[in-house]
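1. Based on what follows, work out the 3D shape:
(2 chains)
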Protein chains: 2
Amino acid sequence: MSLHPSGSPVSPDLPTLRVAVLGAGTVGSEVLRLLSQQGGELAHRIGGRLEVIGVAVRDLARDRGEHVPAALLTEDATRLVQEADLVVEVMGGIEPARTLLLDAMAHGASVVTANKALLAQDGASLYEAADAHGVDLYFEAAVAGAIPLVRPVRESLAGDRIQRVLGIVNGTTNFILDAMTRTGASFEDALADAQQLGYAEADPTADVEGHDAAAKASILASLAFHSRVRLADVHCEGITAVSAQDITAAARMGRIIKLLSIVERIEEEGGERISARVYPALIPDHHPLASVSEAYNAVFIEAEAAGSLMFYGQGAGGAPTASAILGDVVSAARARVHGGVGPRESRYAELESIPLDELRSAFYISLTVQDRPGVLAEIAGTLSGYGISISTIHQELLDERGEAGEQARAHIGISTHRALESAMTASLDVFSSTATVLSIDSILRIEGE
Amino acid sequence: MSLHPSGSPVSPDLPTLRVAVLGAGTVGSEVLRLLSQQGGELAHRIGGRLEVIGVAVRDLARDRGEHVPAALLTEDATRLVQEADLVVEVMGGIEPARTLLLDAMAHGASVVTANKALLAQDGASLYEAADAHGVDLYFEAAVAGAIPLVRPVRESLAGDRIQRVLGIVNGTTNFILDAMTRTGASFEDALADAQQLGYAEADPTADVEGHDAAAKASILASLAFHSRVRLADVHCEGITAVSAQDITAAARMGRIIKLLSIVERIEEEGGERISARVYPALIPDHHPLASVSEAYNAVFIEAEAAGSLMFYGQGAGGAPTASAILGDVVSAARARVHGGVGPRESRYAELESIPLDELRSAFYISLTVQDRPGVLAEIAGTLSGYGISISTIHQELLDERGEAGEQARAHIGISTHRALESAMTASLDVFSSTATVLSIDSILRIEGE
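-> Residues are numbered from 1 along each chain as shown, chains lettered A, B, ... in the order given. Presented below is the predicted three-dimensional model:
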């Protein structure tokens, strides 16, 4: 009976690969912990040893815990990447990460990065450098953290035709929306709680405005549709305008609100275009994504032959992100030892992005109106004039008399069938100059039907 | 605006790879459909063209639909595999599949197979042949159909340490148990329905006895734990003994019954062993696997760094299985064109399997007993004597008087805390010779707590 963690000893003849780690924060220190604790296992899996030759940090003096040996720390990242076979980038931000990775590849190193912002903004130049220098570029950790997603999309589904991806890929916003759904809290209160619990940063902009989810959508769309989808091609709305009333209204309709990253192939007469967009949407409460709670991530994929697939797990955090990075390190290292070429940028399809205006969506809109005869008919008439047909209406009297002794007010919640975005925009323009419509409170899409 | 399905044309200079398909059933014809319909896209993704040089079948005369050109059919599979660069095996069964694949590899072809039975029984010889001849062996479709699982386990999680996998990997049994849960039907009635709807075969043995799930468990355990786990190492119980009463009892405890393939790393003093087993188990009704309905598959993975992951999708069917196969075909073809070595057998850890007797599980047992004072105390005393502590008890009078005018009978359902399998076996032995215990009706494990 073998009671050893790993049975056969690691051969002393294995080649050694020099690994540089850029950044020693939460993720970096977990990467170093796994590299150290799993060293023997990794050597077996790779057929080579990994030797960490340095860890680049901005501040040498700061103590970084037991897994980050002080002797490995360096402030000279430029020199470090030039000496490495593999560079793991977990520092984040555009610069100096971009220059360091380009430099690393120019010096023959393969790169593993978790940097979604850099990939979304400048993925093309990274891919081109990898191609030009015959090295690999891996980034599983950049989308949905620990969840294997990049590899399944670009390898497992390489023989299929992906139609649509609906993803909950930002844990902070899912935590906030989940709290609002469970407790009835306002966005502001749920955000404050999330910040206190460490699920949201002091400056939550990148998360709550949807920028992080949009970067991931651009990466996913590029992979899924073999086209170059830039961050600027992604329509992005955050969750700051989602109100407790919206959550309640959604529940009344058997729906739940989630921030979705949606990438989609739109079949049209004579061809197809693609859409990548991020917004809070109402989904049916029995949809597999509806039960994704707290800070978890999940990605729902529809493919022509495979049908519906879902992937679920932790989208952030030191250890989960490090797990995804180490998987890439093993792949990149195996290619170093055994030869072969990792996945390259695939953009042969050159599909164009469809402008949001030309998309068709189902909507939920909520209006505050004067409570008097004919108002509902006026609203319905406007929508119908733009070809938008109503699915359900919910009307509620807000007060007997307005604040200044005016006409009483009512709240109207309307869900529609699928209609052109431009038609909805035009309707809202009309409402905003309609005297009986006091305010347009919400405009949300309905997805996953 | 590009409205073409694929933007840039396929270069005429690409190398051509000769593909042989063994079998033209439901899966084979879908493989051929995708190869034909996606040909241009696949050429882009591979950097090479795929040319189907033949489709081996047993009966040339049978019409196989539009996607299987009669001109490609051949009965001479042996010759076909010797002329191929890539062999796709979707014929199933041990022979002649085994001989043909070994022959294909000996002649330099890489192999993509969906044959779980062959892999579970004879995976070692296939791996050895791939190694010896420097070709690749891929089998994503052999476990959980369309769900990307093999690649995530052996590549994405290659830097992590998998602790446990709980999988619903047989669609037929999930369909039957789901129907029993929803309708209260007996196993026999639910099976008959499943057969009528095409979810179960006329001879359902391989599914309902757990053999199919056991083959998949052996494959998963081998990959997850870098050890050779043979089919004979997998403890296997099917669902034929699951009764409507068990389903009801589970529901009363907030649980649901699923046939699980479980592979697990058991940490022990001084080392570790592994367990691979298949049985119907009670899981909490809020567990992510509990909501997997109909014939869907789902696999729940716990890894040291990644935490909990779940993968969900269609585990069988022509198109979903073909999707998984085509993903492998693209990987194998890319390696042909660009060089490199696909994943090899990884069994360095050489972990031994722990016998079922030495495992600790929580149990649900159900007994029919004589309804008289002291019976419950006797049963509890027996369990306690073997170190098994009771978690909950449910007792129900079955009838005032037994059939032959004897003592009235009662039904007792007991759930226990975790205890040794051997202790439970010993207790059941005692019960079977205890006069007041009229029958042992069920013995099921409780998982996923």
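2. Where do the helices of chain A begin and end?
-> A:26-37, A:39-46, A:77-82, A:97-106, A:116-133, A:150-151, A:171-183, A:187-196, A:205-208, A:211-225, A:244-252, A:318-338, A:375-385, A:421-432 (DSSP state H).
3. How many neighbouring residues does the residue in the stretch 251-400 of chain A positioned nearest to chain B have?
-> Proximity of the stretch 251-400 of chain A to chain B (CB to the nearest CB) peaks at A:Gly340, 1.7 Å away. Heads up, the C-betas are built off the backbone N, CA and C, glycines and all. By other CB atoms under 10 Å in any protein chain shown, 17 other residues sit near A:Gly340.
4. Mind checking the helices of chain A for the one nearest to chain B?
-> helix A:318-338 (2.1 Å).
5. Show me what that closest one is packed against.
-> Under the contact criterion of 3 or more CB pairs under 8 Å, 6 or more residues apart in numbering or on different chains; DSSP states H and E, helix A:318-338 touches strand A:16-22, helix A:26-37, helix A:39-46, strand A:86-89, strand A:110-113, strand A:137-138.
6. Mean neighbour count and distance to B:Asp328 for these - can I get that in a markdown table?
-> Listed next are these as a markdown table, based on neighbours: other CB atoms under 10 Å in any protein chain shown; distance: least, CB to CB, whole Å:
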| stretch | mean neighbour count | distance to B:Asp328 |
| --- | --- | --- |
| strand A:16-22 | 23 | 27 |
| helix A:26-37 | 22 | 28 |
| helix A:39-46 | 20 | 20 |
| strand A:86-89 | 28 | 26 |
| strand A:110-113 | 28 | 24 |
| strand A:137-138 | 26 | 20 |
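7. Same list, the ones you listed, but as CSV with mean pLDDT please.
-> Output for those, formatted as CSV (pLDDT from 0 to 100):
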stretch, mean pLDDT
strand A:16-22, 98
helix A:26-37, 95
helix A:39-46, 94
strand A:86-89, 98
strand A:110-113, 98
strand A:137-138, 97
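8. Would you format those as JSON lines with distance to chain B included?
-> As requested, those are exported to JSON lines (distance: least, CB to the nearest CB, whole Å):
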{"stretch": "strand A:16-22", "distance to chain B": "12"}
{"stretch": "helix A:26-37", "distance to chain B": "6"}
{"stretch": "helix A:39-46", "distance to chain B": "4"}
{"stretch": "strand A:86-89", "distance to chain B": "11"}
{"stretch": "strand A:110-113", "distance to chain B": "10"}
{"stretch": "strand A:137-138", "distance to chain B": "11"}
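9. Tell me the spacing between the residue of the stretch 51-200 of chain A found nearest chain B and B:Tyr138.
-> Of all residues in the stretch 51-200 of chain A, A:Gly159 sits closest to chain B, at 2.1 Å by CB to the nearest CB. Computed with CB to CB, to the nearest Å, the distance linking A:Gly159 and B:Tyr138 is 11 Å.
10. any residues in contact with both of those two?
-> Residues touching both A:Gly159 and B:Tyr138 (CB atoms under 8 Å, 6 or more residues apart in numbering or on different chains): B:Asp328, B:Val329.
11. ok, the residue of the stretch 251-400 of chain A closest to chain B to B:Glu209 distance?
-> 41 Å.
12. Over to A:Ile325?
-> Distance, A:Ile325 to B:Glu209, by CB to CB: 42 Å.
13. repeat for A:Val150
-> 38 Å.
14. what do you get for A:His235?
-> 52 Å.
15. again with A:Ile379
-> From A:Ile379 across to B:Glu209, the span is 62 Å (CB to CB).
16. These two: who's more crowded?
-> Neighbours were counted for A:Ile379 and for B:Glu209 using other CB under 10 Å; A:Ile379 has more, 23 against 17.
17. OK, contacts around the more buried one?
-> A:Ile379 makes contacts with A:Leu367, A:Val369, A:Ile412, A:Ile414, A:Phe431, A:Thr434, A:Val437, as judged by CB under 8 Å, 6+ apart.
18. What are the phi and psi values at the nearest residue to A:Asp136 once chain neighbours are set aside?
-> Of all residues not flanking A:Asp136 in the chain, A:Gly342 sits nearest, at 3.5 Å (CB to CB, 6 or more residues apart in numbering or on different chains). Backbone geometry at A:Gly342, expressed as degrees, to the nearest 10, gives phi -70, psi 170.
19. Setting aside sequence neighbours, what's the nearest residue to A:Tyr138?
-> Going by CB to CB, 6+ apart, A:Tyr138 has A:Asp328 as its nearest residue, at 3.6 Å.
20. was I right about that neighbour contacting A:Ala142?
-> No. Counting by CB atoms under 8 Å, A:Asp328 stays clear of A:Ala142, with 9.9 Å between them.
21. So which of the two has more stuff around it?
-> Neighbours per residue (other CB under 10 Å) separate A:Asp328 from A:Ala142, with A:Asp328 holding more: 30 against 27.
22. Okay, that one and A:Thr321: tell me how far apart.
-> For A:Asp328, the distance to A:Thr321 - CB to CB - is 11 Å.
23. for A:Glu264, same thing?
-> For A:Glu264, the distance to A:Thr321 - CB to CB - is 27 Å.
24. more crowded one of these two?
-> Using other CB under 10 Å as the criterion, A:Glu264 and A:Thr321 rank with A:Thr321 on top: 26 against 21.
25. List the contacts of the more buried one.
-> Taking CB under 8 Å, 6+ apart, one finds A:Val27, A:Glu30, A:Val90, A:Ala114, A:Ala141, A:Gly145, A:Ala146 in contact with A:Thr321.
26. What of A:Pro343?
-> Applying CB under 8 Å, 6+ apart, one finds that A:Pro343 lies in contact with A:Arg154, A:Glu155.
27. pretty sure the residue of the stretch 51-200 of chain A closest to chain B is in contact with B:Gly39, am I right?
-> No. In this structure A:Gly159 lies outside contact range of B:Gly39 using CB under 8 Å: 10.9 Å.
28. do you know how far A:Arg151 is from A:Ala144?
-> 11 Å.
29. Show me the shaky parts of chain A.
-> A:1-7, A:401-406 (pLDDT under 70).
30. any idea how far the spatially closest residue to A:Glu304 that is not a sequence neighbour lies from B:Val90?
-> Leaving aside its chain neighbours, A:Glu304 sits nearest to A:Arg161 (4.0 Å; criterion: CB to CB, 6+ apart). To B:Val90, A:Arg161 is 20 Å away according to CB to CB.
31. More neighbours: the two, which one.
-> The residue with more neighbours, out of A:Arg161 and B:Val90, is B:Val90; 27 against 18, by other CB under 10 Å.
32. Chain A versus that one, what's the distance?
-> Per CB to the nearest CB, to the nearest Å, B:Val90 is found 14 Å from chain A.
33. So that residue sits against B:Val21, correct?
-> Yes. Between B:Val90 and B:Val21 there is a contact at 7.0 Å, judged by CB under 8 Å.
34. Any chance you could list residues touching both of the two?
-> Joint contacts of B:Val90 and B:Val21 (CB under 8 Å, 6+ apart) are B:Gly28, B:Val31.
35. how about A:Leu102, what does it touch?
-> Per CB under 8 Å, 6+ apart, neighbours of A:Leu102: A:Ser125, A:Leu126, A:Ala129.
36. can you list the domain ranges for chain A.
-> Here the domain assignment for chain A is A:16-145+A:319-338, A:150-314, A:358-446, based on automatic domain parsing.
37. between those domains, which one is nearest to B:His44?
-> domain A:150-314 (7.0 Å; CB to CB).
38. Would you work out how far apart the start and end of the closest one are?
-> With CA to CA, to the nearest Å as the measure, domain A:150-314 spans 15 Å from end to end.
39. Centre of the chain to it, how far?
-> 7 Å (CA atoms, centre = their mean, to the nearest Å).
40. do the same with stretch A:66-81
-> The answer for stretch A:66-81 is 30 Å, by CA atoms, centre = their mean.
41. mind saving the C-alpha coords of that stretch as PDB?
-> Presented in PDB, the C-alpha positions along stretch A:66-81 are these (Å, rounded to 0.1, in the frame of the first residue of the first chain):
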ATOM      1  CA  GLU A  66       5.500  32.700   4.600                       C
ATOM      2  CA  HIS A  67       5.000  31.800   1.000                       C
ATOM      3  CA  VAL A  68       6.900  34.700  -0.500                       C
ATOM      4  CA  PRO A  69      10.600  34.200   0.400                       C
ATOM      5  CA  ALA A  70      12.300  37.600   0.800                       C
ATOM      6  CA  ALA A  71      15.300  36.300  -1.000                       C
ATOM      7  CA  LEU A  72      13.300  36.000  -4.200                       C
ATOM      8  CA  LEU A  73      11.900  39.600  -4.200                       C
ATOM      9  CA  THR A  74      13.200  42.100  -6.700                       C
ATOM     10  CA  GLU A  75      12.200  45.500  -7.900                       C
ATOM     11  CA  ASP A  76      13.900  44.900 -11.200                       C
ATOM     12  CA  ALA A  77      11.000  43.300 -13.100                       C
ATOM     13  CA  THR A  78      12.600  44.200 -16.500                       C
ATOM     14  CA  ARG A  79      15.700  42.100 -15.800                       C
ATOM     15  CA  LEU A  80      13.700  39.300 -14.200                       C
ATOM     16  CA  VAL A  81      11.400  38.700 -17.200                       C
END
